[in-house]
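> Model the following, please.
(4 chains)
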4 protein chains.
Amino acid sequence: MHTTQSAKYSFKNDYSEGAHPRILEALLRSNTLQEPGYGLDKHSTNARNLIRERVGDQSAEVYFLSGGTQVNLTVISSLLKGYQSVISADTGHICTNETGAIEATGFKIHGIKTPEGKLRPEDIGPVLDTHTNIPHQIQPKLVYISNSTELGTHYSKEELYNLYTFCKAKGLILFMDGARLGHGLMATAGTLTLKDIYQYTDVFYLGGTKNGALLGEAVVFSSIELAEGFAFYMKQRGGLLAKGRILGIQFEELLGDNLYFELAQYANAMAQRIGDAFVKKGFRMLVVTRTNQIFPILSCSQIELLEKHYDFYRWQKIDENHYAIRLITSWATPVLVVDELIEKIHTL
Amino acid sequence: MHTTQSAKYSFKNDYSEGAHPRILEALLRSNTLQEPGYGLDKHSTNARNLIRERVGDQSAEVYFLSGGTQVNLTVISSLLKGYQSVISADTGHICTNETGAIEATGFKIHGIKTPEGKLRPEDIGPVLDTHTNIPHQIQPKLVYISNSTELGTHYSKEELYNLYTFCKAKGLILFMDGARLGHGLMATAGTLTLKDIYQYTDVFYLGGTKNGALLGEAVVFSSIELAEGFAFYMKQRGGLLAKGRILGIQFEELLGDNLYFELAQYANAMAQRIGDAFVKKGFRMLVVTRTNQIFPILSCSQIELLEKHYDFYRWQKIDENHYAIRLITSWATPVLVVDELIEKIHTL
Amino acid sequence: MHTTQSAKYSFKNDYSEGAHPRILEALLRSNTLQEPGYGLDKHSTNARNLIRERVGDQSAEVYFLSGGTQVNLTVISSLLKGYQSVISADTGHICTNETGAIEATGFKIHGIKTPEGKLRPEDIGPVLDTHTNIPHQIQPKLVYISNSTELGTHYSKEELYNLYTFCKAKGLILFMDGARLGHGLMATAGTLTLKDIYQYTDVFYLGGTKNGALLGEAVVFSSIELAEGFAFYMKQRGGLLAKGRILGIQFEELLGDNLYFELAQYANAMAQRIGDAFVKKGFRMLVVTRTNQIFPILSCSQIELLEKHYDFYRWQKIDENHYAIRLITSWATPVLVVDELIEKIHTL
Amino acid sequence: MHTTQSAKYSFKNDYSEGAHPRILEALLRSNTLQEPGYGLDKHSTNARNLIRERVGDQSAEVYFLSGGTQVNLTVISSLLKGYQSVISADTGHICTNETGAIEATGFKIHGIKTPEGKLRPEDIGPVLDTHTNIPHQIQPKLVYISNSTELGTHYSKEELYNLYTFCKAKGLILFMDGARLGHGLMATAGTLTLKDIYQYTDVFYLGGTKNGALLGEAVVFSSIELAEGFAFYMKQRGGLLAKGRILGIQFEELLGDNLYFELAQYANAMAQRIGDAFVKKGFRMLVVTRTNQIFPILSCSQIELLEKHYDFYRWQKIDENHYAIRLITSWATPVLVVDELIEKIHTL
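As a prediction, this is how the structure comes out:
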C-alpha cells in the first residue's frame, strides 16, 4: 500500500470521494425506520424492481454486493463446476488486480492477449481447441469480459451480440464485469442499451462504487437457474450485508430516475475534454479515449511537470523516456479542475 | 429468506435501523474531500490510532472489514495452515449461521457442546487429547470464542485470562468474535476492559454493524507477525472496500469519544429492564439476561399474544407447549417501546 | 507417526502384508504387454464389467482409485455444490482420521453421535430440521456411511433399505464407504447382497487395500448423472494413476471368481474365533464382534501381557484401569497365530 | 478418454508396460512379511536412506507419493501461503495437463512463454516486476520447472545454478518436477549430478512411474523446514498409501544399485537412435532429441504411413500439411522394435 494522501487533486481513480449527495440524503431519510436485514428490506425490493424494469424482464434475478472483486469471485465460483475454467483478456481485472481471488476459490483463468482489453470469438476459439484432452485438461466454461474495460474501451452492440452468439453456440456462459458499466453504456448511448446487455449476457453487474455510491454493485442474472444457490454463496463468501438496506437505498436513488446514467455521462464528458486536449496538443494515446479513462503517452519530464499538480498512475512504460499515464474522471470531478488541467496540457 | 417486513416493532436483531445520526453526520462532513482508497485514507488512519490508544499498544495491527462472517473467514483462513483446525462452542456463529464459510475456505471446526455458549479450558483439552495421531488427524490450532456470545452471555476477566493462559500453554491461537463486543464489555464494565481483551486474545474485533454503524468491523491483531499478509487476504476474499474511508469515518466517530460504549450500554440497559420484567412476572429464562439479548421461556399462547405487537424469533423449543424466544435491543430501541413491552409482559 | 516395526505379530490393521499371491501372479502375467494409460486398459475394462455383472446393471459407472481417503474426498467434492454439506456418524473415517480431507476441499461434515457407528433416519432428521434458515445455514445433502463401520458393525438389508428410502424422500445422496465392504457383506451373507447395496445407495466403493490388494478401491455410481465429471475430478485431485492397469488387474483377479468374498469371509471367521474366545473367558466387549474387528475390554495388566506378544491399538479408555483394545484380522492372518492368541486369551 | 487399445506398438508414452521385472521380484520377496503402514515400513526407511546417500545429505527429507499430479499439487499447496503464486513455463505439466489441479487447491500459475519449455531468470524477472502492487496483486513465490521438460529438453548444470541463484536472491522457492528426472540426468551425465539437483533446488522429485516402477515418485526436500507439515498434506490430499511399503520396495530396488539410472539411460539411447534416423533422413525436428522424447516434423502422408504400424501422438500442427509428432521410448522399448522403426524411417 504505497499511496499516501496529498493535497494535489487526484485523477487516480473514480472512488476518491464519498457518495453523490442525493445518496446521502436518501440514507438520512430512511435512517430510523426498521427494516429486515440481509436484503429483504423494502428498498432492496424496490431497487430490484427498478432494475427489472430497465432490463425489461420481471423475472431477472438481482442481488446486491459490496464491491467488484467480491462480485467476481462469488458469481464465478457459483456458476462453475470444479473442473471448469474462465477465459478472460489478460488485462481483465480478475487476472491482474484481485490477488488471485478466482484461483483462491479453485478456478483457473486463461488470460488471453487481446487488443484493447476486449475479447472476440477468435480469441476464445483457440482456447477451446487446445482443451479437448478429457479428463487431463480443464474445461473452459465461462467467458469474463469488462465493459467498460480496464483500458477504458467498450463493446459495441454488434461486438457483444457476436460474442454472445458464439458463447451460446459453444455452451459457454458470458459474464460482464460492470464495475464501470455506466461509463461503457453512456459511450454507446443510443446503440447498446441496458436491455441489450441483459439479453446478450448471462449475468452482468451494474457498478455503484465507481459511479456515485458509497459502495455497492447490483448483480443481474438473466435466469433463475443461473442464480441457483447464489444467496448461499453470498453469505458463505462473506458478501451478505446485515444492513442490506444501505445497498438497496443507493440503487433505488441511482435508478429511480436517470441519476446513474447522468453521473457516468458527466464523467465521460470530462474525460473526453481532457483526452481531446492531449490529442490536440499532439500527444499519442495508448488507447483512444472513449469512457472515463485517459491514457496519454508523455515524456518523463512532462509527467514530472503534471505530477506537481495532480496525482495519477504511470500505467505502462513505452520506452526509456516515455510512459502512458492513466487519468480517471468521475461524477465528482469539478469542471474547474478539468479546465485547469487542460490549460496545463496546453503548456506542456 | 423467510422474514417479511411488517409494521410491528421488531426485536429480531440489532441491525434493523440505519446508523447512529452522528455517523451519518460524519459521512456528510467528509463527503467531498478526496481520499486514497482501500483504507489508506486519513479517517482510517485516525481510527486505527484511536484503537491503538484504547488497547494501549501503538503496535497493534488494525484492519477494517464489512461484516462478521467476512471477518471470521478472513482472519481464520489467514492464520491457519492447511492441516489445522478451529475449536468453537457448537453455538458459535461460525458453526451455525455462516453457511459453512470456514469450511468453504478449507478448515474444519470442532463444535463443542458447552454451557451458555462459552468455552473453558476443560472443553478444549479433550479435543487436543483425541487429535494426536499424526498425520491422520487434523491439528487443532485456533480457539474461536464470541463475546458477548450468541446466547448473550459474556466472559469475565478471570475466565478470559484462564482461557488465554491455557491457549498459550498449548500453542493455540485465541480469536474473539466481537460482533457484539461492546455489549460484552459494558456488562463487565470496570472489571474486563478493552486493554484486557487485547492482552488476553491474539486477535479480536470490535463490531460496528450491531452497535450503531452502517457496516464495519475493526479487526485488531496483537502482533504484526499474526497479521502477516492479512491485507492480501482481505483483497483476495473480496473484503477490501474501495472507499475504505466509510469504515474509517464510522470508527473515528464511534471511538473519538465514548459513543461506541454508550450505545452498547444503552442497549444492555433496555434489555436488563425487559429481562427483569419477565423474571419478576415469574417466567423462567433460558439464559440469565446479561447483555442485549433476552431469552424468556413462554407458552405458545403467550408467544402468540406478544407476536400481535412485536417481531422476534422463537429460539428454542422447550417442550410441546413452550419455547424460549429471543428479544434483542439496540442503541436504537426507544424507551417508549420498552415501557410498552414491559406493560404487556405484566399482563401475560 | 508413532508406530515402529517389531517382531511381534501385529493385529493393528488389515494392510500389514503385501497382496494376495494370486494378485502378484496376475501382475506378473500381464507385465510386459502394452496397455493404454489412465484406466483405459483392457484389465480395467474387464474389471468394470465384472462389477457391472455383480451389481446387475450394465450401466453402472465404475472408477478405480488408490485408497479410501482419496475416494472419499473425490466422490464427495464431485457430488456437492459449494453450499452443501455431509452428514456422518461422528465415528466415521472422514470425521476422525482423514486430516480434515473433506473440509480441505470446502465441505462441512455434521458429525452425529450414534450407537455402534451407524446412521439411522432418526439421526439425520434433526440435522435437516435445524438447517432451514436459508441462506444463513449450510444445506445438508449427502449422507456418508461406512459398511462395515469403523467399529466393525454392519448394516442389515432392512436398515439400509430404510436409510435409503429416507434419503430419497428427503432429496439426500447416500454414499457408502466400502473400505471394508467385503467384511460387511460376508457378515450378512445371504441377506444383504452386493446388488442390494448397489440398489440402496447412490454410490459406494469396494475396498481392495484392506482385502488383499496392493492398493485400490472400486467406486460404483448407480447412474451416469451422478458420475458426471468424475474423471476430471480424479485427475484434478491427483487420483488418476498413469498405470491404471495395476488397479484393473487386481480387481479382475479379485472378482473374476469369488476371491474377494472368500478373503473377507476368512478374515471374519478368524475374528469370530478370537471374539468368541474373549467372550467365553468372560470379557466384556465394547461392540459385539461381527466382522474382522474385535474390541474386548481388558485391564491394563492384561493388556500389558498381550502386548508382550502382539501389536494392537488401545482403542478407548473405559475407566482408570480398563481399555477397549482393537484387534484386526485379515485374509493374511495365519490360523496358527489365531490358535496361539486364543490360548493366550484362555490364560489371561 | 478417447484412446483405445491396439495391437500396434505404442510410442505414446513411457508407462505402457507394468514394472521392471526386478521390481516385481522385490514385491514378491517381501510380500508376506508384516510391515507398519503409511510409509513407516523398513523398505521406505531404506529407500529414504538410499536417496539421502545419493544426494549427500543425511538430513534430506524424503516422502513417497503415487504420481506426478499428486506430487505437484501436494508440494505446491504445502509450500505456499494463500496469497502466493507459481511461475511456470506455459508448457509445464501443471499448466496444461493436470485439469487445473494447482488452481483447484487455490493457487494461481503464471504460465510463461519460453523457448524449449525451460525457464530462465529473464523469464521470471518481468513477472516479479509486474506484481508489486500490494495487496492487489498476488505474490509470485514458487518457480516450477520440469527436468527433463515436456519437450524432452533438460537443464545444464550452469542453467540450473543460475536459476537457483536468481531464485535465492529474489526469495523464491525452486521446485523441480522430476517425473522424468532419470532421463534428464542421464542426458547430462558427468556434468549435472543428483547432488547438484539437490543443492540447486529447494525440492524435487525422482519419478518412478515413467522409469520402471508400477507407480511412485520420491519427493526430496532440502530442509526439514520446507517439509513442515508435509505428511499432513499427503494424508489430507489422499496421497498417503496404507501399504506404503509398495513405494518403498520399488525405490529400494531402483536405487539399491544403479537400476534407476540404467533404465533411463537405455530409454535415452533408444530415443537417440530414432532421432538420429529422422535427422539423417533429412527431417526437421521440433526440438533436438536429448532425452527419451522425439519430435520429428512429418507430412500428413508420412504420418499416416507410420500410424499403420505404431501408436503415437500428433503433438503440434506446423502447417496445413505438417505436424510434429511425439515418440517416447522407455526402459521397456525392445531394441528390435527400434531397429524396425528405423528401417521404416529410412523408407519414408
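
> and the stretch 1-150 of chain A, which of its residues are near chain C?
A:38, A:77-78, A:81-83, A:106, A:134-136, A:138-139 (CB under 8 Å from any CB of the partner chain). The C-beta positions use only the backbone N, C-alpha and C, and glycine is treated the same way.

> Would you list the buried entries among those?
Taking 16 or more other CB atoms under 10 Å in any protein chain shown as the criterion, what is buried in these is A:38, A:77-78, A:82-83, A:106, A:135-136, A:138-139.

> from those residues, which ones fall inside helices?
Among these, DSSP state H puts A:77-78 in helices.

> Mind putting the buried ones among the residues of the stretch 1-150 of chain A next to chain C into CSV with pLDDT?
Listed next are these as CSV, based on pLDDT from 0 to 100:
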residue, pLDDT
A:38, 97
A:77, 98
A:78, 98
A:82, 98
A:83, 98
A:106, 98
A:135, 97
A:136, 97
A:138, 98
A:139, 98
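
> that older thread, out of the residues of the stretch 1-150 of chain A next to chain C, who's nearest residue A:92?
residue A:77 (16.1 Å; CB to CB).

> what about residue A:318, neighbour count?
For residue A:318, the count of nearby residues is 14 (other CB atoms under 10 Å in any protein chain shown).

> same question, residue A:336
9.

> gap between it and chain B?
Computed as CB to the nearest CB, to the nearest Å, the residue A:336 to chain B distance reads 14 Å.

> What strand or helix carries that residue?
Element membership for residue A:336 (DSSP states H and E) is helix A:335-347.

> Show me what that helix is in contact with.
Contact with helix A:335-347 is made by A:9, A:11, A:270, A:273-274, A:277-278, A:281, A:305-306, A:309-310, A:329, as judged by CB atoms under 8 Å, 6 or more residues apart in numbering or on different chains.

> Recalculate using a threshold of 7 Å.
Outside helix A:335-347, the residues that touch it by CB atoms under 7 Å, 6 or more residues apart in numbering or on different chains are A:9, A:270, A:273-274, A:277-278, A:281, A:306, A:309-310.

> Return the set of buried residues in it.
So, applying 16+ other CB under 10 Å, buried residues of helix A:335-347: A:337-338, A:341-342, A:345.

> Say whether chain B is contacted by stretch A:16-25.
Yes: on the criterion CB under 7 Å from any CB of the partner chain, stretch A:16-25 is in touch with chain B at A:16-19, A:24.

> Near chain B, which residues of the stretch 101-250 of chain A? Just list them.
A:101, A:104, A:209, A:214-215, A:231-232, A:235-239, A:241-243, A:246.

> filter those down to the ones close to chain D.
Intersecting these with the contacts of chain D gives residue A:104 (criterion: CB under 7 Å from any CB).

> The residues of the stretch 101-250 of chain A next to chain B in helices, which ones?
Per DSSP H, these map to helices at A:101, A:104, A:231-232, A:235-236, A:246.

> how about those, which pair is most distant?
Greatest spatial distance among these (CB to CB): A:104 and A:246, at 26.8 Å.

> Show me which of the two is the more surrounded one.
In this view residue A:104 and residue A:246 are compared by other CB under 10 Å, and residue A:246 has more residues nearby, 29 against 26.

> And that one, how close does it get to chain C?
Counting by CB to the nearest CB, the gap from residue A:246 to chain C is 19 Å.
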